[in-house]
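Q: Need the 3D shape of this:
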Amino acid sequence: MLLVLAIGLLAALYVTGRRERHEAANRNVEIVMDDADFSALTKAYAYNEGAFLTELRRAGLTSLAVSEELGANIQAAGTATVFSGGALLDQARVGTLADPLFAALARSNAIRADTMYLVAYNAATAQRYAEQLPLHFDAHAIRLLRAKLPAVWAIRTTSDYFDAEAFGLPFDRVALAKRYGLLLVPRLQNDEGFSPAHILTLLDDATRDQRARTVIFFGLKNEVLGYPDNTAAAAAALTADHLNFGVVETYDPKQEQLGDSDLARRMPERLVRVQAVAKPEADKLSPEEIIARYLLGVNERNIRVVYLRPYYHSWNGRSIEATNVEIVRRIAQGIRADHRRIASASAFAKFTISPLTIALASLAVPASLLLVLEAFGIGGLGWIVAFVLADLLFVAAGYVTHHDIIARKVLALGAGLTFPAAGMLAVGWAFRGEAPPWLRTANVCLRGLIALVIAVAVTLCGALAIVGLLSTLLTMTEIDRFLGVKYVLVLPPLIALGLYFFTDRFGAKIDPRTAAETPVRVIQLLVGLVLVAGAYIVLERSGNQSDIAPSSFELALRSHLTTILQVRPRFKEFVVAWPALMLVPALNAVDRRRWGWLFVLAGGMGLGDLIDTFSHLHTPLLVGAERVVNGGVLGAVLGAVVVFVYRRLRRLE
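A: Numbers count the residues shown, from 1 in each chain. A predicted model of the protein is given here:
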């Protein structure tokens, strides 16, 4: 069994090493400013756009995100206008139409109420409309009424439909980015009527002769290009043009762009994660909080596009212009301090693991399960052979049916549940008040530290198995996710409790037939109720968004820990679980017998949380490792204090 386990862990270690090299090479971070909001700010405060952009670029800004012009926004641009047929008819009835073309149409009753009339005042805008209109309307619905400037088109459609359509990137905004040495990030809107040819034309128009590396989609329907039927064509066109697909990070599934998963799976080597803070939320945050949020995303969630919107408040006596420049400068400094480059966003290079390697890595799961079952007397060569064959057949079936990722997720969940249980079993001697033959020290603090190290080391083998099974480009960009994050938070402590009561490894085995007759003390009942409430809070607070928000004290403590340690450890580990595991060898027989179950729950919770750290597969491995080390050191220090205090108090009794 140990040989099978070693083979599985070595294969997982190989995958982990390859992944770490890929993460180390993925260093470029792009800092982008939203052009629409930037333009609105400069107009509101009469700032010089060119001078402002120059300062932002010097501070670290790399790109300007220019959105396609929506029909509803045409009149605000100043280079064109649009009239509904009904509005022109009303004007003709109460007055005169100055434009000779419209006046002639009115005299001949040729103005139609079911038509929109689009007017372009300059050649660049007229060219753009000539290219864009055929992408969104049938040829029979479009009529060019006048080719010379101001050019006029009649489009048979409703005003609502026209207002929601996009008409290409405004040439003046694209030229602005180019003039000040910024990369262009096109923000394109999907049209469900797009054909593959339309998609090619749209991308060509948006990126022709421009320094564009990343495309981010937007729109009222919140869809990616090509949704729902032509995502394959969109992926092929983006890849052919060497463009990255910016996957916008969201915490609410309802906010995810429709089709983003499908498009991402078709072009996994050109994905970059985008982080943005919505303006209503940014108005409630301080600049320090905004900066910290972006840097946390870059450092811990593989964010490679920092998408900024202007900050509309002054900061420490600075003007609003200087405030925005300083925010960009601080973000850029933080990115460089983390040994990353400010440049066009880099996607992960090709990263494939052979099915044979995955099959070998999966062997760690049946081996860990047998380690747990051994506590119940289940084991032997026959069981090993049966479990290994079942595991290999399961992996093979996944590849044959082209659902290998599902099989790998199931096995990874198995590793996430069995290894914490094995970690608790490995320190059962501490709960029995004994010491293994190789542990000769009588120092209870040192015994506690050794117990902590053993439990964590065994559990980390489970984290290694998860990383080995699920490291793909799609998991590292959070398109695919670990199956059952809440399970690894709740089940490990419950499994540990079951092992405590129903095996002889902890010296507290009970007879199920007589357990119901054992009296329950009031204090034990109260503690049980507190634990149930705590488990509920842990579940509700798991994930990035929850209804139970951290207190202001906790938020401040998190911020300070992040500032001091760079990577914040988990409170459940270093405040509760690790001190509890260190205290077990120091307990006297009475306390161990009375409260051992509580320490098992605490330890199981911490070991499950350890698995949770590495189940967030978009977090870089080194960040997870640093989190574990920081938590282990703080937990050991706090545990030593707890052991000292306990020994002094029990000595006084």
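Q: got a pLDDT number for Ala282?
A: Note for Ala282: predicted pLDDT of 89.
Q: Test my guess that it contacts Pro310.
A: No - using C-beta atoms under 8 Å, Ala282 makes no contact with Pro310, being 9.0 Å away. Backbone N, C-alpha and C define where each C-beta goes, glycine included.
Q: Name the residue in the two with the higher neighbour count.
A: Pro310 (24 against 20; other C-beta atoms under 10 Å).
Q: what sits against that one?
A: 33-34, 37-38, 40-41, 320, 324 (C-beta atoms under 8 Å, 6 or more residues apart in numbering).
Q: Doesn't it belong to a strand?
A: No - under the criterion used here (DSSP: H, G, I helix; E, B strand; the rest coil), Pro310 is coil, not part of a strand.
Q: Model confidence for it, exactly?
A: Reported pLDDT for Pro310: 96.
Q: how close does it get to Tyr47?
A: 10 Å (C-beta to C-beta, to the nearest Å).
Q: intersection of neighbour lists for these two?
A: Leu41.
Q: Which parts of the stretch 1-150 of the chain are helices?
A: For the stretch 1-150 of the chain, applying DSSP state H, counting those that start in this stretch gives helices covering 2-25, 35-45, 49-59, 74-77, 85-94, 100-107, 123-136.
Q: Mind listing what's buried along the helix or strand in which Ile199 is found?
A: Using DSSP states H and E, Ile199 falls within helix 196-207. Across helix 196-207, burial judged by 16 or more other C-beta atoms under 10 Å covers 198-203, 205-207.
Q: now stretch 378-397
A: Those buried within stretch 378-397 under the rule 16+ other C-beta under 10 Å are 383-384, 387-388, 391, 394-395.
Q: Which elements pack onto the longest helix anywhere in the chain?
A: For the chain, the longest helix by residue count, based on DSSP state H, is helix 621-652. If you count contacts as 3 or more C-beta pairs under 8 Å, 6 or more residues apart in numbering; DSSP states H and E, helix 621-652 packs onto helix 2-25, helix 444-470, helix 578-583, helix 589-615.
Q: Out of those, which is the most enclosed?
A: Mean neighbours per residue, mean count of other C-beta atoms under 10 Å, is largest over the helices and strands packed on helix 621-652 for helix 578-583, with a mean of 28.
Q: now that one: mean pLDDT?
A: Helix 578-583 comes out at a mean pLDDT of 95.
Q: Can you pull the domain assignment for this structure?
A: Following automatic domain parsing, one gets these domains for the chain: 2-17+350-652, 27-68+168-342, 73-164.
Q: can you tell me which of those the model trusts least?
A: Among these, domain 2-17+350-652 scores lowest, at a mean of 87.
Q: looking at it, Ala234 is touching Leu225, isn't it?
A: Yes - under the criterion of C-beta under 8 Å, Ala234 makes contact with Leu225 at 4.3 Å.
Q: what touches both of these two?
A: 199, 263.
Q: Next, the contact list for Leu271, please.
A: 244-245, 247, 264, 347-348, 473-474, 477, 479.
Q: Put together CSV for the residues you listed, with secondary structure, neighbour count and distance to Ala76 on each row.
A: Shown next, in CSV, are the contacts of Leu271 (DSSP: H, G, I helix; E, B strand; the rest coil; neighbours: other C-beta atoms under 10 Å; distance: C-beta to C-beta, whole Å):
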residue, secondary structure, neighbour count, distance to Ala76
Asn244, strand, 26, 30
Phe245, strand, 26, 29
Val247, strand, 24, 30
Ala264, helix, 22, 34
Ala347, coil, 21, 35
Phe348, coil, 22, 39
Leu473, helix, 22, 40
Leu474, helix, 20, 40
Thr477, coil, 23, 36
Ile479, coil, 20, 36
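Q: what's the farthest-apart pair in these?
A: Farthest-apart pair in the contacts of Leu271 is Asn244 and Leu474; separation 14.9 Å (C-beta to C-beta).
Q: Grab the nearest non-local neighbour of Leu601.
A: Pro493 (4.7 Å; C-beta to C-beta, 6 or more residues apart in numbering).
Q: next one: the host helix or strand of that neighbour to chain centre, how far?
A: Following DSSP H and E, one finds Pro493 within helix 485-502. How far helix 485-502 lies from its chain's middle: 27 Å, per C-alpha atoms, centre = their mean, to the nearest Å.
Q: pull the CA atoms of that helix into PDB?
A: Below are the C-alpha coordinates for helix 485-502, written out as PDB (Å, rounded to 0.1, in the frame of the first residue of the first chain):
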ATOM      1  CA  VAL A 485     -15.300  23.000  -1.700                       C
ATOM      2  CA  LYS A 486     -17.900  23.000   1.100                       C
ATOM      3  CA  TYR A 487     -17.400  19.200   1.600                       C
ATOM      4  CA  VAL A 488     -13.700  19.600   2.500                       C
ATOM      5  CA  LEU A 489     -14.700  22.200   5.100                       C
ATOM      6  CA  VAL A 490     -17.400  20.100   6.800                       C
ATOM      7  CA  LEU A 491     -16.700  16.400   6.300                       C
ATOM      8  CA  PRO A 492     -13.100  16.100   7.500                       C
ATOM      9  CA  PRO A 493     -13.900  17.100  11.100                       C
ATOM     10  CA  LEU A 494     -16.900  14.800  11.100                       C
ATOM     11  CA  ILE A 495     -14.900  11.900   9.600                       C
ATOM     12  CA  ALA A 496     -12.200  12.500  12.300                       C
ATOM     13  CA  LEU A 497     -14.900  12.400  14.900                       C
ATOM     14  CA  GLY A 498     -16.200   9.100  13.600                       C
ATOM     15  CA  LEU A 499     -12.700   7.700  13.600                       C
ATOM     16  CA  TYR A 500     -12.200   8.900  17.200                       C
ATOM     17  CA  PHE A 501     -15.300   7.200  18.500                       C
ATOM     18  CA  PHE A 502     -15.400   4.000  16.400                       C
END
